[in-house]
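**Q** A predicted structure for the sequence below; I have some questions about it.
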Amino acid sequence: MTKVVLIEDDADTAQDICAELRDSGYIVDWAEDGLTGLERARAADADVLVIDRMLPGMDGLAVIDTLRREKIRTPVLVLSALGAVNDRVKGLRAGGDDYLTKPFAVLELVARIEALLRRPADTAAKTLRVGPLEIDLIERSANRAGREIELLPREYKLLEYMMRHCEQLLTRAMLFEEVWKYKFVPDSNLVDVHMGRLRRKVDVSGEAPMISNIRGEGFVLRAPD
C-alpha cells in the first residue's frame, strides 16, 4: 500500500487529511513538529511526503532542504498559508515538488498526491504538460508548443487545475469550488467568461482545440490527437 508521511502541527487539519487519505487507501504516518517529522521521513519507506511550511521545532523548508541534501528524493507536497509567488518559489526551490496553499479542499490534496505518484521517479516536477501545452509552476508561465500564452492570475489557476485533471469533465460547481474557493454555486456566468478568455488564448486559429465545452455539463481539457 502507498505510504504518506504527513508533517503538520495543526491537529484539526492533520486529522482531516489523515481521514481522507486512509479512506482513499493510503497508510499515513503523522508527525506534529519538524524534528519528529524529519526523523519519520528519514526512517519511513514513504512514497510521498506532505509537509507544512511553518512547523514548531524545525521549519518545513529546512526539513525539505535537509532531506534533499541527504539525497532523499521522495516527492514532497508543501502546505502553506503563504500563497504569494515568492513563497511558492521558495517552497519549490527548497526541494518541494508541488505547493498547495491553505485553505484547500482535502480532495484536491489527494488529487495532487495522486499526480505526484504518477510522475517518474527522480524527475524535477516543476512543470505540468498536456500534449503541446506546458505550464511552469515556479514562474507561473504557460506556453503551447513554444508559443507563450499570457495569462491573468485567475486564468493561470484555471488552466493549472484543468491540466491536473486533464481528460476529466469539470463541472462549473467544481471550478467554482476549486479555483474560486466558493462553497456555493452563484447565479453567475463567471466561469464561462473566464473559460472563454482562456480558450481563445490556448486554442488559437490553426491549432487543434484542447478545451471543450460539454453543453450543460462542464469543460474538458484534452491533448490533441
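**A** Yep, it's here. Numbering: from 1, shown residues only.
**Q** elements contacting the helix or strand where Leu198 lies?
**A** Using DSSP states H and E, Leu198 sits within helix 190-202. Counting contacts by 3 or more Cβ pairs under 8 Å, 6 or more residues apart in numbering; DSSP states H and E, helix 190-202 packs against helix 153-164, helix 172-178, strand 211-214. For glycine as for every other residue, the C-beta is placed from the backbone atoms N, C-alpha and C.
**Q** show which residues not belonging to the longest one make contact with it.
**A** When contacts are taken as Cβ atoms under 8 Å, 6 or more residues apart in numbering, the neighbours of helix 153-164 outside the stretch itself are 111-112, 115, 128-130, 133, 135, 137, 140, 142, 151, 170, 175, 178-180, 194-195, 197-198, 201-202, 211, 219, 221.
**Q** distance of the closest residue to Ala145 other than its chain neighbours from Ile138?
**A** Spatially, and ignoring its direct neighbours in sequence, Ala145 is nearest to Pro132 (4.0 Å; Cβ to Cβ, 6 or more residues apart in numbering). Distance, Pro132 to Ile138, by Cβ to Cβ, to the nearest Å: 20 Å.
**Q** what of Met162?
**A** Going from Met162 to Ile138 by Cβ to Cβ gives 19 Å.
**Q** looking at the two, which is more packed in?
**A** The neighbour count for Met162 versus Ile138, taken as other Cβ atoms under 10 Å, is higher for Met162 (26 against 14).
**Q** show the model's pLDDT score for Ala121.
**A** pLDDT for Ala121: 51.
**Q** center of this protein - which residue?
**A** Closest to where the C-alpha atoms of the chain average out (Cα atoms, centre = their mean) is Arg112, at 4.8 Å.
**Q** correct me, but that one touches Leu100?
**A** Yes: the pair Arg112 / Leu100 is scored as a contact, 6.1 Å apart, by Cβ atoms under 8 Å.
**Q** give me the common contacts of these two.
**A** Residues touching both Arg112 and Leu100 (Cβ under 8 Å, 6+ apart): Leu77.
**Q** which residue packs closest to Pro209, ignoring adjacent ones?
**A** Distances taken as Cβ to Cβ, 6+ apart put Asp203 closest to Pro209, at 4.5 Å, once the chain neighbours are dropped.
**Q** same check on Thr66?
**A** Once flanking residues are discounted, Thr66 sits nearest to Leu38: 6.2 Å by Cβ to Cβ, 6+ apart.
**Q** pLDDT (mean, whole number) over the helix or strand hosting the one you found?
**A** Take DSSP H and E as the rule and Leu38 turns out to sit in helix 34-43. Taken as a whole, helix 34-43 carries a mean pLDDT of 93.
**Q** which of the residues in it are buried?
**A** Gly34, Thr36, Gly37, Leu38, Arg40, Ala41 (16 or more other Cβ atoms under 10 Å).
**Q** same check, this time on stretch 145-165
**A** 149, 151, 155-165.
**Q** quick one: the strands in this protein, in order.
**A** Secondary structure of the chain by DSSP state E: the strands cover 3-7, 27-31, 48-52, 76-80, 98-101, 127-130, 133-136, 141-144, 147-149, 211-214, 218-221.
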